[in-house]
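Visitor: sequence? don't have it. structure:
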């Protein structure tokens, strides 16, 4: 699905990623953990194509194409989805209008006809149930006036609507209470299939009780320094990140 | 608003050039260039006007000659040579149209290109349309149906002939001849426009609409609109404007007067898309317009405007809130791109008790353009418990454009409550990135964000106009982000 | 002949030309501007809400005045004090033992006096230049940290007196200082006119705070122009408190020339009788990464009128500017008026600018509530008014200045406020 080789990235001359390697196959869930400042969010931003970052070295192969050569929206249309740590508010633009535009732009990219209003609305109803999103929120402005939990659920709702190949969840658990966390995780688990893959970026092990990863990677100082089964997350929780820092 | 999306409009927006920049080949009946009493007498005679109207014009002309062009607006342009303009250009075919079928096919084609086929309008939307091309009204639809309700909706010239007393009693009462330089000029040389009268207690059942078009080169357009809503009446009035692409600057100096008697309501919506000039700032319309309404007791006047066109815009649709409990509203979206300049806003003059006004202004500046909001809120001594709320937001798209806010707040009554807020900010890069990450291209993302930003104003427009306005916003801003 | 001959300028015909050592070219220019310019009318956009025609009807003269004590004008009793009466320095009333790191020069003593204040189309600045009586130049050396502020008191005394007075303040790099400017008028003062200019240089990383108290009288005229240049990393704060004066016009122009500057402009004006107070400010953001905060609040009673005109300019290359401007007014009487014109002129795109203006009256429900708790109407109103103005007065860090303002509020408005009422 995605193969990241020796990825180096800088922002304003500061090196953040320093030779990161990662391979994710279809059907897998990978967790990336690490202390603050390790480069977790940078990895998400770089993969999604945020222009503030400069890639100085390395390659990213996304299902046979060079991801780094594509614009942000092309990556999205090719099936890369980023659930934002801090979802953006867009006043005056309804969630529905936003999503319909997104879906139709993607369909157009793939040479498909726009989705009919009827099919679209049916899909909205179905997918909003998945994350127990109040249907009223669908017609409100994108993320405007949403609570923290509603914003995160809205991200997963959008993920369900767009049906991506690879989803990257950037600290999706931050700020969520346990009930909201369950709902969000439930959504992610339902969407899991043999054809798609998920990268879960998190600081805490808590989320991984609900979204069970196939692999856990530890990111430290811009590199993945340790990879293991899901139990690794528990070790980290117990011993703290200093344990990793000391080892390296 | 959620029933349609920018998607539905997207297809025909690819052409970045001014979409309405065609000229119609219709032989025009033109006055020689220049302005003097002779020309004014010529216009008046051409239109077979009564003596009092000629006097009105000549009086205005004499006063205009003593006035000077205003210079306080935040706009810079080459001064207009008023002797180099043709003040009368009627399409040659001047006979009155008895029915739609009589209309010159070429002119029908023009209207079709404008997307306002009257036939279609008649059939689909039930909007009554008056069409003014180069200052002369050429067709008014739905007249019979309106007549049954006692509603008069016709060209200004026709009103002068058919309802002279009604015209005479009302014209110039809201905007006196000497109000300002351009209003005086218009009063001297106006050639046509629309007239509308809604009798007591009648709610006009359909939107009334006027389309203005400058077609002929070297001409100015000086139309006058007068809308009178008698006691308890209601009308929603739409106005649209386009002009062909020309290298020269053309002058449009219109006057719009609204009179809302006691308990009446007038909703006046404008989508202004005069030719803005090319990418380098050549050509385009100088849009110097005076619009004002007066409110009786318990009445309401609401202005909504979407301004995307014109090289220079100078326009302040205003409300005189004379009657107690009257309400004035102003909703505006003004977009400037390339070298366009707009200085627009409103005046809310509170005279009566418990009068209320709301101002929502959204400015969008792109390219090298300058976009200014200029507004006056004036609370007079007798305006007890007057209320005003103003919100003026500016969005900047490039680092070469300007966005300016010049509110004037004058308060002479201690029971008044006035709130004014303004913000200026850049279009959010985070918002664009978020849209892109969901697969939405940059242009579409901007269009989406901008339409969202303007939603409060667009929501005020009748549906057909809102669609057109969204379309225009997208066209106006294509390729605009720096 | 040392007098202005032009008939149309009769109101200044009795004034002597300046003997301050300003550049000759500048003096000539000021004289010619003065000869050709008329007093502005309300057709002039900058004077739209303020009529100055009555100045032209008074035959002003200069006078050294006659003052024996400054007790009632001393804002901070411990601060070194420079006293000027009608523009003339009073050595006997001054206490000019300045601490180390700061020195002062009387403009009349200096061999060469600079002035960068614009005079083109500015009749009052030209007048100030052409007929400058005296003034002071304060130099604060690099790295100087002043423990105590320096106060400059200017007092009007006598009939139809005009004072043309100038202050120059130069705060060196990394200096930190407070200056108090007090403008007063004696009881004997009638129809007196203080026409003052202040030029301020805020050096790199310097912190300069000016507390300006205006407390002249109901017949006085006061027109002042402050011209401020800020260098990079500097912080400048000006608190303008206007509590008395017949006609007061403050022109405040800040040029932010260096990056990473902060500019704070705070103003409070409390008007009664027939007072007219007009605060004009221009903050010119010429470079990137700066912030400016402007808060002006006014209470307007009787037949008085307040004007606020604040402009924020953001030039084309001045990205990342945060500019905030707010003007709030309370009208206490049906004959009081306010004209507010907050303006933004923005030519850069990566900015956050906002302004707000509100005008209203005291909350009737709150008054009722306080009265229901036993307060008199007067006390209730006073409590609410002082609460309204508090957040501006709170910006003044010097407690002595604050205490002095409270004493003036008591003297003129009968308000009983103590510093404890403030947080």
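Guide: Perfect, thanks for sending it. If you're wondering where the values come from, they're calculated on a predicted model, not measured in any experiment.
Visitor: contact partners for the residue nearest to residue A:36 when sequence neighbours are not counted?
Guide: Computed as CB to CB, 6 or more residues apart in numbering or on different chains, the closest residue to residue A:36 that is not its neighbour in sequence is residue A:203, at 7.0 Å. Just so you know, the C-beta spots here come from the backbone N, C-alpha and C atoms, and that holds for glycine as well. By CB atoms under 8 Å, 6 or more residues apart in numbering or on different chains, the contact list for residue A:203 reads A:33, A:34, A:35, A:36, A:40, A:171, A:174.
Visitor: how near is residue A:203 to residue C:383?
Guide: 50 Å (CB to CB, to the nearest Å).
Visitor: if we can go back for a sec, quick check on the contacts of residue A:203: which are buried?
Guide: A:33, A:34, A:35, A:40, A:171 (16 or more other CB atoms under 10 Å in any protein chain shown).
Visitor: double-check the second one against residue A:241; I have them as touching.
Guide: Yes: with contacts defined as CB atoms under 8 Å, residue A:34 counts as touching residue A:241 at a distance of 7.0 Å.
Visitor: where do the contact lists of those two overlap?
Guide: Residues touching both residue A:34 and residue A:241 (CB under 8 Å, 6+ apart): A:218, A:220.
Visitor: identify the bridge partners of the most centrally placed residue in chain A.
Guide: Nearest residue to the geometric centre of chain A (CA atoms, centre = their mean): residue A:168, 1.9 Å. Taking DSSP bridges as the rule, residue A:168 bridges to residue A:82, residue A:199.
Visitor: and it, how close does it get to chain B?
Guide: 10 Å (CB to the nearest CB, to the nearest Å).
Visitor: which ones are touching residue C:343?
Guide: Residues in contact with residue C:343 (CB under 8 Å, 6+ apart) are B:404, B:405, B:406, B:407, C:309, C:310, C:311, C:312, C:355.
Visitor: out of those, who's the most crowded?
Guide: Neighbour counts for those peak at residue B:405, which has 29 neighbours (criterion: other CB atoms under 10 Å in any protein chain shown).
Visitor: what's the pLDDT at it?
Guide: pLDDT, residue B:405: 92.
Visitor: and the one 5 residues further on, by the same measure?
Guide: At residue B:410 the predicted local distance difference test score is 94.
Visitor: which residues touch residue C:265?
Guide: Shown in contact with residue C:265 (CB under 8 Å, 6+ apart): C:237, C:238, C:240, C:252, C:254, C:281, C:283, C:292, C:293, C:294, C:295, C:296.
Visitor: to what extent is the last one buried, counted in neighbours?
Guide: Applying the criterion other CB under 10 Å, we find 24 residues in the vicinity of residue C:296.
Visitor: repeat that for the fifth one.
Guide: Residues lying near residue C:254 (other CB under 10 Å) number 26.
Visitor: quick check: it touching residue C:264?
Guide: No: contact criterion CB under 8 Å: residue C:254 and residue C:264 do not qualify, at 10.1 Å.
Visitor: need the residues touching each of those two.
Guide: Joint contacts of residue C:254 and residue C:264 (CB under 8 Å, 6+ apart) are C:236, C:292.
Visitor: list the residues that contact residue B:348.
Guide: Residue B:348 neighbours (CB under 8 Å, 6+ apart): B:318, B:319, B:321, B:328, B:330, B:357, B:359, B:375, B:376, B:377, B:378, B:388.
Visitor: narrow the residues you listed to those in strands?
Guide: B:318, B:319, B:321, B:328, B:330, B:357, B:359, B:375, B:376, B:377, B:378, B:388 (DSSP state E).
Visitor: just among those, which is most surrounded?
Guide: For the ones in strands among the contacts of residue B:348, the largest number of neighbours (other CB under 10 Å) sits with residue B:321, at 33 neighbours.
Visitor: near the spatially closest residue to it that is not a sequence neighbour, how many other residues are there?
Guide: Nearest residue to residue B:321, sequence neighbours excluded (CB to CB, 6+ apart): residue B:355, at 3.9 Å. Applying other CB under 10 Å, we find 29 residues neighbouring residue B:355.
Visitor: residue B:355 contacts residue B:320, doesn't it?
Guide: No: counting by CB under 8 Å, no contact exists between residue B:355 and residue B:320, whose distance comes to 9.8 Å.
Visitor: quick check: neighbours shared by those two?
Guide: With CB under 8 Å, 6+ apart as the test, residue B:355 and residue B:320 both reach residue B:295.
Visitor: okay, the residue of chain A at minimum distance from chain B: pLDDT?
Guide: The minimum distance from chain A to chain B, using CB to the nearest CB, falls at residue A:92 (2.9 Å). The model reports residue A:92 with a pLDDT of 85.
Visitor: so which strand or helix has the nearest residue to it once chain neighbours are set aside?
Guide: Nearest non-adjacent residue to residue A:92, counting by CB to CB, 6+ apart: residue B:452, 2.9 Å away. Following DSSP states H and E, one finds residue B:452 within helix B:442-453.
Visitor: quick one: average confidence on that helix?
Guide: Per-residue scores along helix B:442-453 average to 90.
Visitor: tell me the gap between that helix and the middle of its chain.
Guide: Chain-centre distance of helix B:442-453: 24 Å, with CA atoms, centre = their mean, to the nearest Å.
Visitor: what's that helix in contact with?
Guide: Here helix B:442-453 makes contact (CB under 8 Å, 6+ apart) with A:73, A:90-93, A:97-98, A:101, A:105, A:141, B:6, B:10, B:362, B:364, B:393, B:395, B:397, B:427-428, B:431-432, B:435-436, B:440, B:458, B:470, B:473-474, B:477-481.
Visitor: and residue C:392, what are its phi and psi?
Guide: When read as degrees, to the nearest 10, the backbone of residue C:392 gives phi -80, psi -50.
Visitor: in chain B, what residue comes closest to chain A?
Guide: Nearest residue of chain B to chain A, counting by CB to the nearest CB: residue B:452, 2.9 Å away.
Visitor: all helices for chain A, in order.
Guide: A:40-48, A:72-77, A:95-109, A:117-130, A:135-139, A:148-162, A:178-191, A:231-239, A:242-247 (DSSP state H).
Visitor: please apply the same query to the stretch 301-423 of chain C.
Guide: Secondary structure of the stretch 301-423 of chain C (DSSP state H, counting those that start in this stretch): helices at C:364-372, C:377-393, C:399-413.
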